[in-house]
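**Student:** return a 3D structure for these sequence lines:
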Amino acid sequence: MTDYNLIFGAVLLFNILVTFRASSYWKKYFPDGVSTSEGGKQEEDPSPLIGGGDKEGESTDLEDGGSKNENTSSAASDAAADIRHSQLLRKYLAVYLLAAFSDWLQGPYVYALYDAYGYSQHDIAVLFVAGFGSSMVFGSFIGGMADQGGRRRFVILFSIIYASSCMTKHFKSFSILMLGRLLGGIATSLLFSVFEAWLIGAHANANVMSHLGKSFSMAQYGNSIVAILAGQIANKAASYAEFKPTSEDSGFYLGGYLGPFDISLISLIICGSLASSLWEENKGESSNDDDSKPGESSATGALKGAFAATIRSPDIYTCGIISSLFEGSMYIFVFMWTPALTALAKEEMGDAFEGLPFGVIFSTFMVCCMAGSSIFSIAMEKMKPEQLAVIVFGVASCAFLMVVFSGSATSTFLAMNLFEMCVGMYFPSMGTMKGMIVPEDKRAAIYNLFRIPLNFIVLFSLLTDLTPRVSFILCGMMMVVATLLQMQLKSRRISA
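**Tutor:** Presented below is the predicted three-dimensional model:
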């Protein structure tokens, strides 16, 4: 029998250790590596000077003084950049983590709510397909509109659209619920494009692009913490009140599984308000090689320009394919880990099986993501994100291989945790790479183009009746392809 609590404790301890190693406290208490590097720079021999006697000594003194002034100026500049970055990061996380919190609150209860309304599995599948289809179609246009209209403005629009989607959940009407899924698909496209585009643009405006990897790492770490909190709060909210209509003939419901959506609605209102007050507006800077024509609408022109820029650049379209493959595997994993672990547990325990501790399992996955983001921060001290990504995809391939051929629930669960650590490393790695590769003026539009093949992968997994084992084989194959593509991307980027 798998001891999920023991594994959670071990993963939590590992996360604490790597988080400490990645923090500034490590450099404070163990400064040897940093001081050696700095000392090496200070001990360099001065360049030979022509002349001798007092002139040489005088020149040396002047050079030493100039060197000290340069070091002081550099240290002051670094300190100022650190302050700007800290201020920027606090403003970003205050808004982004609320948005992520609202999304995590809803996820586990969408299917359960539709089922509680009495809809068939086919009807629920139609609603889910509509949501992903909406993200694929409307997201393609709305990203370009955000680049031109302003990312902060579209973050506020995200809050309004997603809040409206939450409100539709109260109605036992298939058409209204369908509208909610369409709105939710648009909001999801904005969540996974506009926030990141604003962050990169803000880093460029503040002249702190060297801190971008740290920002993505902190955002991923915070996202994992928020996911755990959202799971606990949503569980309490879902059982707080009875699920029932406001009156006997009413199609408007309250309580039960609607609780998490109501909390999400409040979070989204706060999210939009904070974005309006804390964030400065930034847009995609116009470029000379804009492919849109004067007579075209902003949405159509932005989409065409983003598509043309993607096709012209091997780095951009390779980056897009890689992100679709990894995130597609991640979504399939989300759909399949529950039936896979449940089947193995039933096979091992037989009639003694009483269910899995899903809360503990989910928390373990999120702690693994947190550990992965800390490992990214440590690795970035000596590696480039292009190099780390090759390792991430390679390890993810091995993790799925272990899941496919594992014969026990314990080894399968450990392999799944390994993949979740890869997820924690993937998002800051890919975020940093996209920040360097994707042009600023088309950033949100291209990010949404990246999601088109991703949504095809998700729709394929929803519309086909694949077993968990076959699904994980497919995920492993996609990870192998992603590894090979990332090796090519790394070669081009490093040799350039």
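
**Student:** element containing the residue nearest the centre of the chain, please.
**Tutor:** Residue closest to the average C-alpha location in the chain (CA atoms, centre = their mean): F427, at 4.7 Å. Assigning secondary structure by DSSP states H and E places F427 in helix 409-437.

**Student:** now do that helix: which elements does it pack against?
**Tutor:** Applying 3 or more CB pairs under 8 Å, 6 or more residues apart in numbering; DSSP states H and E, we find helix 409-437 packed against helix 4-22, helix 194-205, helix 212-238, helix 314-349, helix 358-379, helix 385-405. For glycine as for every other residue, the C-beta is placed from the backbone atoms N, C-alpha and C.

**Student:** wait, the residue nearest to the centre of the chain sits on Q220?
**Tutor:** Yes. In terms of CB atoms under 8 Å, F427 counts as a neighbour of Q220; the distance is 4.7 Å.

**Student:** pLDDT on the strand or helix carrying K91, on average?
**Tutor:** Per DSSP H and E: K91 is located in helix 53-106. Helix 53-106 shows a mean pLDDT of 78 in the predicted model.

**Student:** over to stretch 304-323?
**Tutor:** pLDDT averaged over stretch 304-323 gives 92.

**Student:** ok, the nearest residue to D115 once chain neighbours are set aside - contacts?
**Tutor:** In space, and not counting its chain neighbours, D115 is closest to I124: 6.8 Å by CB to CB, 6 or more residues apart in numbering. With contact set as CB atoms under 8 Å, 6 or more residues apart in numbering, I124 has these partners: 111, 114-115.

**Student:** tell me the SS of I124?
**Tutor:** Following DSSP: H, G, I helix; E, B strand; the rest coil, we place I124 in the helix state.

**Student:** would you check that S102 makes contact with S264?
**Tutor:** Yes. If you go by CB under 8 Å, S102 and S264 touch, sitting 4.2 Å apart.

**Student:** now do the shared contacts for those two.
**Tutor:** Y162.

**Student:** returning to what we had before: let's have the helices and strands packed on helix 409-437 in a markdown table, adding distance to I270.
**Tutor:** Shown next, in a markdown table, are the helices and strands packed on helix 409-437 (distance: least, CB to CB, whole Å):
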| stretch | distance to I270 |
| --- | --- |
| helix 4-22 | 27 |
| helix 194-205 | 15 |
| helix 212-238 | 14 |
| helix 314-349 | 27 |
| helix 358-379 | 22 |
| helix 385-405 | 32 |
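
**Student:** distance to V481 and mean neighbour count added to those helices, as JSON lines?
**Tutor:** As requested, those are exported to JSON lines (distance: least, CB to CB, whole Å; neighbours: other CB atoms under 10 Å):
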{"stretch": "helix 4-22", "distance to V481": "29", "mean neighbour count": "16"}
{"stretch": "helix 194-205", "distance to V481": "24", "mean neighbour count": "23"}
{"stretch": "helix 212-238", "distance to V481": "24", "mean neighbour count": "20"}
{"stretch": "helix 314-349", "distance to V481": "6", "mean neighbour count": "19"}
{"stretch": "helix 358-379", "distance to V481": "21", "mean neighbour count": "23"}
{"stretch": "helix 385-405", "distance to V481": "9", "mean neighbour count": "21"}
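
**Student:** among these, which is nearest L177?
**Tutor:** Of all the helices and strands packed on helix 409-437, it is helix 212-238 that lies closest to L177, at 17.8 Å by CB to CB.

**Student:** immediately after that closest one, which helix or strand?
**Tutor:** Next along the chain from helix 212-238, counting by DSSP H and E, comes strand 244-245.

**Student:** other SSEs contacting that following strand?
**Tutor:** Using 3+ CB pairs under 8 Å, 6+ apart: strand 244-245 touches strand 253-254.

**Student:** the strand it packs on pairs with which strands, parallel or anti?
**Tutor:** Sheet pairing for strand 253-254, assigned by DSSP bridges, gives strand 244-245 (antiparallel).

**Student:** give me the mean pLDDT for the strand it pairs with.
**Tutor:** 92.

**Student:** contacting residues around it?
**Tutor:** 172, 251-256.

**Student:** distance between it and the chain's centre?
**Tutor:** 36 Å (CA atoms, centre = their mean, to the nearest Å).

**Student:** same thing with stretch 418-429?
**Tutor:** The answer for stretch 418-429 is 9 Å, by CA atoms, centre = their mean.

**Student:** so what touches it?
**Tutor:** Residues outside stretch 418-429 that contact it (CB under 8 Å, 6+ apart): 213, 216-217, 219-221, 224, 326, 330, 333, 365-366, 368-377, 379, 385, 388-389, 392-393, 395-396, 398-400, 402-403.

**Student:** swap in stretch 247-258?
**Tutor:** Contacts of stretch 247-258 (CB under 8 Å, 6+ apart): 109, 112-113, 116-117, 169-173, 238, 240-246.

**Student:** may I see the buried residues of it?
**Tutor:** Neighbour counts over stretch 247-258 (16 or more other CB atoms under 10 Å) mark 253, 255-258 as buried.

**Student:** span of stretch 143-161 from start to end?
**Tutor:** This stretch, stretch 143-161, spans 14 Å end to end (CA to CA, to the nearest Å).

**Student:** nearest residue to S134 in space, please, no chain neighbours.
**Tutor:** According to CB to CB, 6+ apart, the nearest residue to S134 is G185 (2.8 Å).

**Student:** so which strand or helix has the one you found?
**Tutor:** Once you assign secondary structure using DSSP H and E, G185 falls within helix 174-191.

**Student:** now swap in T2 and tell me
**Tutor:** Using DSSP H and E, T2 falls outside every helix and strand.

**Student:** and it, what does it touch?
**Tutor:** Per CB under 8 Å, 6+ apart, neighbours of T2: 345, 408-410, 413.

**Student:** report the separation between it and Q486.
**Tutor:** Applying CB to CB, to the nearest Å, the value for T2 to Q486 is 33 Å.

**Student:** tell me the pLDDT at the residue nearest to G372 when sequence neighbours are not counted?
**Tutor:** Once flanking residues are discounted, G372 sits nearest to G424: 2.1 Å by CB to CB, 6+ apart. The confidence metric pLDDT takes the value 95 at G424.

**Student:** what about G424, neighbour count?
**Tutor:** Other residues within reach of G424, judged by other CB atoms under 10 Å, total 28.

**Student:** again with H122
**Tutor:** 8.

**Student:** what's the answer for S471, then?
**Tutor:** 23.
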